[in-house]
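J.: Predicted model and sequence follow; I will ask about them next.
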Amino acid sequence: MGIKIYNSFSRQKEEFTPLERGRVKMYVCGITAYDRCHIGHARSAVVFDAVVRHLKHRGYHVYFIRNFTDIDDKIINRAKKEGIDTVTLATREIANFYEDMDALGVLRADVEPKATEHIPAIIALIETLIAKGNAYEADGDVYFSVRSFPSYGALSRRNLDEMRAGARVRPGEKKRDPLDFALWKASKPGEPAWESPWGPGRPGWHIECSAMSMKYLGPTLDIHGGGLDLIFPHHENERAQSEAATGKTFVRYWMHNGFVTIKGDKMSKSLGNFITIQEILEEHPPEVLRLFLLSKHYRSPLDYSPEALKETTAALDRCYNALNEAVHLSARTVKKHRPLSPELQEAVKTLKDLPEKFDQAMDDDFNTAQALGHIFDAVRALNRLNQQASKRPSALLSRPMEEGCKALINTAKVLGILQEEPGEYLRRRNLQILDAAGLKEEDILKEIERRNQARMKKDWEAADRIRANLLEKGIRLKDSPEGTTWSASI
RNA sequence: GGCGGCGUAGCCAAGUGGCUAAGGCGACGGUCUGCAAAACCGUUAUUCCCCGGUUCGAAUCCGGGCGCCGCCUCCA
């Protein structure tokens, strides 16, 4: 069985077959560079990153484009407010975007085009649309004529007549039909402008994506992705422009990710209820955010709360603890060759079966939630081996443990988690929490030393008091034959 | 008003006609431990918002309610 993708256009899961065998042409709408990215942007980026990773893992050569909108009204307004020019603003926010995305481990796209660097291609596309009678010029603006494209509304399931009933031409607009949208906007004095056959102006929002995607991928893309809120008007308009210009199918599989909500409401700039990626990463390892974003199916809404992130942290810690234990235990030299019990053989099998089960889940419309279920099953299996290795060591355990770790890490790579060295991850995470709580490691180590001296004297009361005091600060102690270790929890 | 989505355990969340309704967090009991922690084992939904219907069989399909959310203006 191959990969199935839910196509927003048909509203069905479809068998995925790219236009060219083994090659996937993919385009995802990137950000408008005017402000820091919030978790909603992170979701879109991480979800499609997982899609790209899985397609590659399944052997496809993926040619992936993700654009930057670096000129539009929001950028102009924000730049004006800050007293800087639009180029400075967009450049700064693109740098911020990379800072966030690199931290999250989101792979770079093959091409990351900017609208302002593709003005000639945009102008050429608009000229084609005018020549074909799908667009018209009015006083330096150019509009796309919605009624010239019969299947307008097909993607977002909108009825033109019903929409027309509520629509109005706003003062200052020179549209023939209220639903027509701008391909080119004449610039007002002082605004950034490019020369065009219709006078100085700038591209409309939607046309850039059509021009850039077709420039790099040709008239027909396999996959076009973006947030659910882009279906209308952005993707509807992209589709109309592109297909009107080429007469060919623009996109074969439309994919849209659901929103991040907060207390049930959509997280958005306009509502002001957003949390930036930067804010999250100050307090959490990047993989925690990734795991959180992939813990629910990509098309469903995902509700953010600090508690939810805390749960995710606990879950990821569990994985890293298992790996860390396994790494240490499997490195020990053991002479005894105890045979593995049926239960342990079952655990070995669970680890062995992980890659296949994981891939099956991912093949089914990138069901990351189900795929994670298999990861956690494998983690439990690994812990079983760990437990045996620590209590009743056997030389026969080392290999299954090493291979189990490898399977787990390789499999999780598609989701971009479990990619850090386990010991390092745990140590860094603990120190991050410690730092946030204003504590110092050396103080904790001193307390541990003091407690161990009490323990040597079997003064359990004193020892337990020290441990309880630390626990109040979120520091948990763990005694083992190798000594006492600490971990911090939020 | 038009279009669309969702409602599964204390919380989060897979599953969309037929094996024991995945998994995570939490809680409780057990093993281990000086006691803990971590880990493992077990318990935590005889039932999937409610009411009808189709079917040999429904959480899953259909009809009707109730509740929540989104898009229809910029938004990932």
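T.: Now that the structure is in, tell me what you want to look at. Numbering: from 1, shown residues only, chains lettered A, B, ... in the order given.

J.: OK, now which residue of the stretch 1-150 of chain A is nearest to RNA strand B?
T.: Residue nearest to RNA strand B within the stretch 1-150 of chain A (CB to the nearest atom of the strand): A:Gly40, separated by 2.4 Å. C-beta: built from backbone N, CA, C; applies to glycine.

J.: I'd say that residue and A:Phe274 touch.
T.: Yes. Taking contacts as CB atoms under 8 Å, A:Gly40 lies within contact range of A:Phe274: 7.0 Å.

J.: Settle it for me: which of the two has more neighbours?
T.: The residue with more neighbours, out of A:Gly40 and A:Phe274, is A:Gly40; 26 against 21, by other CB atoms under 10 Å.

J.: That one: what's it in contact with?
T.: Contact analysis of A:Gly40 by CB atoms under 8 Å, 6 or more residues apart in numbering lists A:Gly227, A:Phe259, A:Val260, A:Met267, A:Ser268, A:Phe274.

J.: Once you drop chain neighbours, what's closest to the first one?
T.: Closest residue to A:Gly227 in three dimensions, ignoring its sequence neighbours and counting by CB to CB, 6 or more residues apart in numbering: A:Ser44, at 5.2 Å.

J.: quick one: contacts for that neighbour?
T.: A:Ser44 touches A:Val28, A:Gly225, A:Gly226, A:Gly227, A:Asn257, counting by CB under 8 Å, 6+ apart.

J.: any idea which helix or strand carries it?
T.: For A:Ser44, the enclosing helix or strand under DSSP states H and E is helix A:39-57.

J.: before we move on, what about A:Met255?
T.: strand A:251-257.

J.: and that strand, what's its mean pLDDT?
T.: In this model, strand A:251-257 has an average pLDDT of 97.

J.: Indicate each strand paired with the helix or strand following it and its parallel or antiparallel sense.
T.: Following strand A:251-257 in sequence order, the next helix or strand is strand A:260-262 (DSSP H and E). As defined by DSSP bridges, the strand partners of strand A:260-262 come to strand A:265-266 (antiparallel), strand A:302-304 (parallel).

J.: re the thing from before, what about RNA strand B: which of the contacts of A:Ser44 touch it?
T.: When contact is defined as CB under 7 Å from any atom of the strand, the contacts of A:Ser44 meet RNA strand B at A:Gly226, A:Gly227, A:Asn257.

J.: got a list of what the last one touches?
T.: Meaning A:Asn257. The contact partners of A:Asn257, by CB under 8 Å, 6+ apart, come to A:Arg43, A:Ser44, A:Val47, A:Phe48, A:Gly225, A:Gly226, A:Gly227, A:Leu228, A:Tyr298, A:Arg299.

J.: with the residues you listed in mind, which one is nearest to A:Lys80?
T.: Of all those, A:Lys80 sits closest to A:Gly227, with 26.4 Å by CB to CB.

J.: ok, and what's touching the worst-scoring helix or strand of chain A on mean pLDDT?
T.: Within chain A, no helix or strand scores below helix A:160-166, which has a mean of 74 by mean pLDDT, DSSP states H and E. Applying CB under 8 Å, 6+ apart, the contact partners of helix A:160-166 are A:Val146, A:Arg147, A:Tyr152, A:Gly153, A:Asp177, A:Pro178, A:Leu179.

J.: pLDDT value on the nearest residue to the first one once chain neighbours are set aside, please?
T.: In space, and not counting its chain neighbours, A:Val146 is closest to A:Leu179: 4.5 Å by CB to CB, 6+ apart. Per-residue pLDDT puts A:Leu179 at 90.

J.: What about A:Leu179, how many residues nearby?
T.: Other residues close to A:Leu179 by other CB under 10 Å number 20.

J.: before we move on, what SS does it have?
T.: coil (DSSP: H, G, I helix; E, B strand; the rest coil).

J.: got the residues of the stretch 151-300 of chain A near RNA strand B?
T.: With CB under 7 Å from any atom of the strand as the criterion, the stretch 151-300 of chain A comes near RNA strand B at residues A:156-159, A:162-163, A:166-167, A:181, A:205, A:226-234, A:257-261, A:264-270, A:295-297, A:300.

J.: Confirm for me that A:His297 is in contact with A:Gly373.
T.: No. A:His297 lies out of contact with A:Gly373 (CB under 8 Å); the separation is 11.9 Å.

J.: These two: which is more packed in?
T.: Neighbour count, other CB under 10 Å: between A:His297 and A:Gly373, A:His297 has more, with 17 against 14.

J.: mind listing what the one residue in the stretch 201-350 of chain A that gets nearest to RNA strand B touches?
T.: Distances between the stretch 201-350 of chain A and RNA strand B by CB to the nearest atom of the strand are smallest at A:Gly227, namely 2.1 Å. A:Gly227 makes contacts with A:Cys29, A:Gly40, A:Ser44, A:His256, A:Asn257, A:Phe259, as judged by CB under 8 Å, 6+ apart.

J.: can you redo those as JSON lines with distance to A:Gly190?
T.: Below are these laid out as JSON lines (distance: CB to CB, whole Å):
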{"residue": "A:Cys29", "distance to A:Gly190": "28"}
{"residue": "A:Gly40", "distance to A:Gly190": "32"}
{"residue": "A:Ser44", "distance to A:Gly190": "33"}
{"residue": "A:His256", "distance to A:Gly190": "37"}
{"residue": "A:Asn257", "distance to A:Gly190": "37"}
{"residue": "A:Phe259", "distance to A:Gly190": "36"}
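
J.: any idea which element A:Trp486 lies in?
T.: Here A:Trp486, judged by DSSP H and E, is contained in strand A:483-488.

J.: Can you give the strand pairings for that strand, parallel or anti for each?
T.: Partners of strand A:483-488 in its sheet, by DSSP bridges: strand A:475-480 (antiparallel).

J.: mind listing what's buried in the partner strand?
T.: A:Ile475, A:Leu477 (16 or more other CB atoms under 10 Å).

J.: Kindly export it (C-alpha atoms) in PDB.
T.: Output in PDB follows, covering the C-alpha atoms of strand A:475-480 (Å, rounded to 0.1, in the frame of the first residue of the first chain):
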ATOM      1  CA  ILE A 475      14.200  18.500  42.300                       C
ATOM      2  CA  ARG A 476      13.600  14.800  42.400                       C
ATOM      3  CA  LEU A 477      16.400  12.500  43.600                       C
ATOM      4  CA  LYS A 478      17.000   9.000  42.400                       C
ATOM      5  CA  ASP A 479      19.300   6.600  44.300                       C
ATOM      6  CA  SER A 480      21.000   3.800  42.300                       C
END
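
J.: Contacts for it next, please.
T.: A:434, A:439, A:444, A:448, A:451, A:467, A:470-471, A:484-489.

J.: pLDDT score for the residue in the stretch 251-400 of chain A that RNA strand B sits nearest to?
T.: Nearest residue of the stretch 251-400 of chain A to RNA strand B: A:Gly373, at 2.5 Å (CB to the nearest atom of the strand). A:Gly373 carries a pLDDT value of 97.
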